[in-house]
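> could you look at this predicted model? Sequence included:
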Amino acid sequence: MKLYLSLDKYIILLLIILNINILNAHAQNGDNMPYSRFGMGDPYNASNFQSAGMGGLNVALSHVTFVNFNNPASYTKLIRTAIEGGMTANISALRADTSSFTSANATISYIIMGSRFGTKGKLGASVGLLPFTRVNYNVIQLFSDSLNGNGQYRYQGQGNLYKFYTGAAYRLGRFSLGLNAAYIFGNTEYARYTEFLDTTTIYQTKSSILLNPRGFEYTFGSQYTHEFKSKIDSNKNNTLTLGITYTPNIIMNGNKDEVWERFTYNNDGSISPLNRDTIYSSLNEKGNIILPMNWSIGALWQSSTKSSYGINIQHTGWSSFRNYGKTENMTNETRINIGTEWTPSRNHTKKLNDQITYRCGIYHSTGHLFLYNTKIKDTGVNLGLTLKRFIFGNYNYIHFATQLGYRGSQKNNLIQETYFQFKLGFTFGELWGKPIKIN
């Protein structure tokens, strides 16, 4: 197989990635994600930009250029070598009973590559780097002590887990079978301060945990495609695609450092170096973190009227989650995604109407957290569009997707989060089998 990827596109993609990294480094300072305190952080639920505009629909989705890494069976549909990347900007409004807070962050959506192989084009493959989970929170809980006055628990956490995957697929007639193998890595840190506000003479305490987990994830996928041919007009054929994925439990090996300290504050609020000592320390503790299995099924109807409609149902068994033996208020989660896509024209002209694909979708999750007898549900809507031939030539795309949703509740001393996401992505694709071209 030969690849057709011009040098200028590599340079542009590199500049995009560098700018996203700079943006990511500067935008996280005002971020606060209180529900990332539990488990291994907030799951990203990453999907490609086509899926992101369709409510997260992905199990039965496939495209000749866009790489659907959620179902590896879709790789056999690629007829172009594609490189994709982009960013996600997020604004969240947090509301509790007596306070509110607005936070913002920007992160890399993903960096992936996919292509088709083999003399008959029955093999497809992909490789990429994805964000997996994220921890970033700063939460204060007030309390009153009869001896020492008012105080507060201050919870802080930060860190990320990432997933590097490689996958392959093979087509057998109408069936495609695929496998993704991923390596999950990263670090997360959690801290709790117990502070007395009415005095500086009492010892304050801080407990901190640093986790360094590593593990492998395997995702199996399949798709079945059936074409309903029109006896009158071959341009009016319809297509039904059914998909399924399964990921077994992930057993990650972890190293954990846990330290408890006591200290006092100076009058200016700084920690006194003279009154600080360690009261407990456990370093490099070996253990396991068990992430749950999940399965998903989906269907996609592609109409001859230039539109498609689909649905996903996904189940994740979060009740089996264990963090060094602890369950951490987890409950099984069911997620439903419904989406549609519409291309007004399939003509290959320079008219704007011939270059746009529109998307919309909705989703609902029962949530994976169960706090104060309340499930932390998640519901939202998506809008998206893709501009074809917008940059560099026939098979290059720029993607836009938005997401508006809310999760949680203000009841039972909980926090309700309303969030808005904006996604910007690029796909650089060339026809499979063409030779390299250097500009």
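The structure has been received and is ready for your questions. Residues are numbered from 1 along each chain as shown.

> tell me how many other residues surround the closest residue to Arg276 other than its chain neighbours.
Nearest residue to Arg276, sequence neighbours excluded (CB to CB, 6 or more residues apart in numbering): Phe263, at 4.0 Å. Yep, even glycine has a C-beta here, placed from its N, CA and C like the rest. Around Phe263 there are 17 other residues, counting by other CB atoms under 10 Å.

> does Phe263 really touch Ile271, like I thought?
Yes: between Phe263 and Ile271 there is a contact under CB atoms under 8 Å: 5.1 Å.

> endpoint to endpoint, stretch 377-395 covers what distance?
Stretch 377-395 has an end-to-end distance of 39 Å (criterion: CA to CA, to the nearest Å).

> name the residue most distant from the centre of this protein?
Centroid-distance maximum for the chain: Leu147 at 46.4 Å, with CA atoms, centre = their mean.

> any stretches of this protein with poor pLDDT?
Within the chain, the ranges that satisfy pLDDT under 70 run 1-30, 119, 200, 231-235, 269, 272-275, 346-354, 389-394, 431-439.

> so which elements touch the host helix or strand of Gly429?
Taking DSSP states H and E as the definition, one finds Gly429 inside strand 416-431. Judged by 3 or more CB pairs under 8 Å, 6 or more residues apart in numbering; DSSP states H and E, the packing partners of strand 416-431 are helix 7-27, helix 49-52, strand 80-95, strand 396-408.

> so Gly384 bridges to which residues?
For Gly384, the beta-bridge partners under DSSP bridges are Arg359, Ala401.

> what is the burial count for it?
Gly384: 25 surrounding residues under other CB under 10 Å.

> same deal with Asn249?
Neighbours of Asn249 using other CB under 10 Å come to 14.

> contacting residues around it?
Ile290, Leu291, Pro292, Met293, Ser320 (CB atoms under 8 Å, 6 or more residues apart in numbering).

> which strands border the strand holding Gly429, and is each parallel or antiparallel?
Assessed with DSSP bridges, strand 416-431 is paired to strand 80-95 (antiparallel), strand 396-408 (antiparallel).

> list of residues touching stretch 141-155?
37, 137-140, 190-199, 202.

> follow-up on the earlier one: where's the residue farthest from the centre of the chain relative to Ile202, distance?
From Leu147 over to Ile202 the distance is 9 Å, taken as CB to CB, to the nearest Å.

> equivalent analysis for Phe143, please.
From Phe143 to Ile202 the distance is 14 Å (CB to CB).

> which of these two has more neighbours?
Ile202 (17 against 12).

> wait, the more buried one touches Tyr265, no?
No: applying CB under 8 Å, one finds Ile202 not in contact with Tyr265, separated by 9.7 Å.

> now for Asn412: which residues touch it?
Counting by CB under 8 Å, 6+ apart, Asn412 has contacts Leu371, Tyr372, Asn373, Thr374.

> strands - which of those land there?
Leu371, Thr374 (DSSP state E).

> in PyMOL, select just the buried ones from the contacts of Asn412.
In PyMOL syntax, the buried subset of the contacts of Asn412 is picked out as below (16 or more other CB atoms under 10 Å):
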select buried, resi 371
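
> which one of the contacts of Asn412 is nearest Ala181?
For these, the minimum distance to Ala181 (CB to CB) is 34.0 Å, reached by Leu371.

> pretty sure the closest one sits against Ile415.
No: judged on CB under 8 Å, Leu371 makes no contact with Ile415 at a distance of 9.6 Å.

> where do the contact lists of those two overlap?
With CB under 8 Å, 6+ apart, Leu371 and Ile415 have no common neighbours.

> which residues touch the closest residue to Leu210 other than its chain neighbours?
The shortest distance from Leu210 to any residue other than its chain neighbours is 4.4 Å, reached at Asp257 (CB to CB, 6+ apart). With contacts defined as CB under 8 Å, 6+ apart, the neighbours of Asp257 are Ser208, Ile209, Leu210, Ser282, Leu283, Asn284, Glu285.

> then Asn329?
Phe38, Leu369, Phe370, Leu371 are the contacts of Asn329 under CB under 8 Å, 6+ apart.
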